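Student: This is a predicted model, with the sequence first.
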Protein chains: 2
Amino acid sequence: MSSNSMKMAVGQLGPIHLADSREAVVARLVSMLREAAAGGCKFIAFPELALTTFFPRYWYDDEAEVAGFYESEMPNAATQPLFDEAARLGIGFYLGYAELTPERRRFNTSVLVGPDGVIVGKYRKVHLPGHADNRPTLPFQHLEKRYFEVGDLGFPTFASQGTTFGMCICNDRRWPEAYRVLAMRGADVVALGYNTPSHNIYYEEPPHLRMFHHRLVMQSAAYQNCIWVLASAKCGAEDGFHMHGGSCIIAPSGEIVAQTSSEDDEVIQHHCDLDLGKRYRKTVFNFARHRRPEHYGLITESAGGEQVAGQQGGTEPS
Amino acid sequence: MSSNSMKMAVGQLGPIHLADSREAVVARLVSMLREAAAGGCKFIAFPELALTTFFPRYWYDDEAEVAGFYESEMPNAATQPLFDEAARLGIGFYLGYAELTPERRRFNTSVLVGPDGVIVGKYRKVHLPGHADNRPTLPFQHLEKRYFEVGDLGFPTFASQGTTFGMCICNDRRWPEAYRVLAMRGADVVALGYNTPSHNIYYEEPPHLRMFHHRLVMQSAAYQNCIWVLASAKCGAEDGFHMHGGSCIIAPSGEIVAQTSSEDDEVIQHHCDLDLGKRYRKTVFNFARHRRPEHYGLITESAGGEQVAGQQGGTEPS
């Protein structure tokens, strides 16, 4: 084991039902934080939208009803115990939540918190899946394009705990551009929370492909970008709506080195050798020697290029 | 099976030794072309540098010695029988070879040939692995940066046989930018030949990771870009230098649907539903709806960004 090793954890959440209070959820997060710290971990990644149910599945005619899912401050009274316990135990964490800004803007957000319990950096989800219009005939909806704006912070990285962290949220993990920008900003570790329905209700798809795709995109990204990936699910059935688990820790080799086996609150942990990505960065993925941006122009020139997307009526897994 | 289905093949090559003539290799390619056509295939992908041994493993002090590995015309006397047989049978193909231009420029090149035996398009490898300097202490060298220039054609696509083809060569498959540009140019099928040593002689790496990475990068690319990938190895031991097989056909779901089981000449084939990628393009990977190029700028601004590549002395698998 390299001397540049840090034990890190993923804290997967089971379901959060509509009736569950933030205080009850934070107590669960604190419990997992303690388990990770007791195991010697210095960092734990929690899920996307980790304080409430995955509310984008519901259409609300009344905006006042949806307002209750957002946090206008972080930390706040409900989450302060998590920040306090992190500082007491000296463990950093990643936490996803719905953010309401002072200007009443709404983002699907995550924060990186240092082992002193102080926020180091913020990320706002760029790749929002789903739709903005009401589709009441679907078994459930996916209204992220209604309830959130596209993130306006790009893909920042943050020096913390002797390494460099980046953050993604859920559907970001399917887009190679997200990890690439983070790697080019020097990321060693990418924390990534998600809420992913287990069934694709929009077109016929063998259910096993959902978990296969989830792993595939993160494993290839870890390898191609020489990074550790800490992927944390909120999963199980929230008020009857099932989301898949499969939280995992992925090495820069692309290998899954730890994975949850439940769909409930569960902590996994691993000794992460932060030097492991370096051999790839010196050789096969030495970007400066091998990348040829003069041939990549289309990637940033437009969103769609000449892709033949066919009709625009569909939607997608998150 | 969709009405928009085409049966396609991969023709993997076993070793080509230094002593083997081009005529002998072309006879092997013709034999596989016939097998594919007899099976109902309308297209077959052959490997990278399919007419000679993988000569970048050898250092030559005398440039005259290396000149014999290049083709100054395509087709030429040695390869004309392959083009003629393709036209007779009505089957298109992809073929990789070392190209010498009239201006004495040298590229690692592939051509797309239509079912009339006429070249539809050309690609020149962009992501050259290896090194340009002599490293005689290594068990073998990887001198692509010495023997080839970086491709100057970008990543073009070509309409042929009712679909849209793109091409990659070997190490290109590890770079998500290559497939992304091809997908944004409308590619439905990407043909990809390779020669990949089975052992990493530059740093300690568990040998199983070589095949794992080979599959991982192509499977994720197929899924994220909604494309079929036809990957064709030259493999086995060429004069004692072993390269891995694992030629395969990958669906837009990311699944391997056909794979070789030998390290010798071998044809695999599959009914490829060319509509399979469309459901992804309409939904999860509808680029125009979801991609956010305003946040991808670093990808085209520089080669290396702030990636900490460490010392520059290494090299890498091909």
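Tutor: All right, it came through fine. All of these numbers come straight from a predicted model, not from anything done at the bench. Residues are numbered from 1 along each chain as shown, chains lettered A, B, ... in the order given.
Student: From now on I want contacts and neighbour counts done on CA atoms only, so please keep to that.
Tutor: Will do.
Student: Look up phi and psi at the closest residue to A:Cys170 other than its chain neighbours.
Tutor: Leaving aside its sequence neighbours, A:Cys170 sits nearest to A:Tyr194 (CA to CA, 6 or more residues apart in numbering or on different chains; 4.1 Å). In terms of degrees, to the nearest 10, the main-chain angles of A:Tyr194 are phi -150, psi 160.
Student: Please name the residues that touch A:Tyr194.
Tutor: A:47-49, A:169-171, A:231-234 (CA atoms under 8 Å, 6 or more residues apart in numbering or on different chains).
Student: and what of A:Cys248?
Tutor: Neighbouring residues of A:Cys248 by CA under 8 Å, 6+ apart: A:10, A:229-232, A:256-260, A:268.
Student: Dump those into CSV; add secondary structure and distance to chain B as well.
Tutor: What follows is the contacts of A:Cys248, written out as CSV (DSSP: H, G, I helix; E, B strand; the rest coil; distance: CA to the nearest CA, whole Å):
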residue, secondary structure, distance to chain B
A:Val10, strand, 23
A:Val229, strand, 16
A:Leu230, strand, 18
A:Ala231, strand, 17
A:Ser232, strand, 20
A:Ile256, strand, 12
A:Val257, strand, 14
A:Ala258, strand, 17
A:Gln259, strand, 18
A:Thr260, coil, 21
A:Ile268, strand, 24
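Student: quick revisit: so which of the contacts of A:Tyr194 is the most crowded?
Tutor: Highest neighbour count within those, by other CA atoms under 10 Å in any protein chain shown: A:Ser232, with 36 neighbours.
Student: Now render the contacts of A:Tyr194 as JSON lines, adding pLDDT and secondary structure.
Tutor: Output for those, formatted as JSON lines (pLDDT from 0 to 100; DSSP: H, G, I helix; E, B strand; the rest coil):
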{"residue": "A:Pro47", "pLDDT": "98", "secondary structure": "coil"}
{"residue": "A:Glu48", "pLDDT": "98", "secondary structure": "coil"}
{"residue": "A:Leu49", "pLDDT": "98", "secondary structure": "coil"}
{"residue": "A:Ile169", "pLDDT": "98", "secondary structure": "strand"}
{"residue": "A:Cys170", "pLDDT": "98", "secondary structure": "helix"}
{"residue": "A:Asn171", "pLDDT": "97", "secondary structure": "helix"}
{"residue": "A:Ala231", "pLDDT": "98", "secondary structure": "strand"}
{"residue": "A:Ser232", "pLDDT": "98", "secondary structure": "strand"}
{"residue": "A:Ala233", "pLDDT": "98", "secondary structure": "strand"}
{"residue": "A:Lys234", "pLDDT": "98", "secondary structure": "strand"}
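Student: what's the spacing between A:Val66 and A:Phe148?
Tutor: Separation of A:Val66 from A:Phe148 (CA to CA, to the nearest Å) stands at 11 Å.
Student: Give me the distance between the residue nearest to A:Met243 when sequence neighbours are not counted and B:Arg106.
Tutor: Nearest residue to A:Met243, sequence neighbours excluded (CA to CA, 6+ apart): A:Pro197, at 4.0 Å. Applying CA to CA, the value for A:Pro197 to B:Arg106 is 51 Å.
Student: now A:Ile250
Tutor: Distance from A:Ile250 to B:Arg106, counting by CA to CA: 40 Å.
Student: out of these two, which sits in the more crowded spot?
Tutor: A:Ile250 (28 against 22).
Student: can you pull the contacts of the more buried one?
Tutor: A:218-219, A:222, A:228-230, A:256-258.
Student: between those residues, which is nearest B:His131?
Tutor: Of all the contacts of A:Ile250, A:Ala222 has the smallest distance to B:His131: 24.6 Å, by CA to CA.
Student: before we move on, back to that, please pick the buried ones from the contacts of A:Ile250.
Tutor: Applying 16 or more other CA atoms under 10 Å in any protein chain shown to those, the neighbour count classes A:218-219, A:222, A:228-230, A:256, A:258 as buried.
Student: and A:Ala27, how many neighbours does it have?
Tutor: 15.
Student: Specify the local secondary structure of it.
Tutor: helix (DSSP: H, G, I helix; E, B strand; the rest coil).
Student: Ramachandran angles for A:Thr157?
Tutor: Dihedral angles for A:Thr157 - degrees, to the nearest 10 - are phi -120, psi 160.
Student: hang on, it packs against A:Cys168?
Tutor: No - assessed by CA atoms under 8 Å, A:Thr157 is found out of contact with A:Cys168, at 10.6 Å.
Student: Those two: which is more packed in?
Tutor: A:Cys168 (28 against 25).
Student: Who are the contact partners of that one?
Tutor: A:123, A:125, A:155, A:178, A:190-193.
Student: now those in TSV, with neighbour count and pLDDT?
Tutor: Converted to TSV, those look like this (neighbours: other CA atoms under 10 Å in any protein chain shown; pLDDT from 0 to 100):
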residue	neighbour count	pLDDT
A:Tyr123	23	98
A:Lys125	25	98
A:Phe155	24	98
A:Ala178	23	98
A:Val190	23	98
A:Ala191	25	98
A:Leu192	29	98
A:Gly193	31	98
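Student: Keep only those of these that are also close to chain B.
Tutor: Here is what survives when those are matched to chain B using CA under 8 Å from any CA of the partner chain: A:155, A:178.
Student: Now the two most distant members of the contacts of A:Cys168.
Tutor: A:Phe155 and A:Gly193 (15.0 Å).
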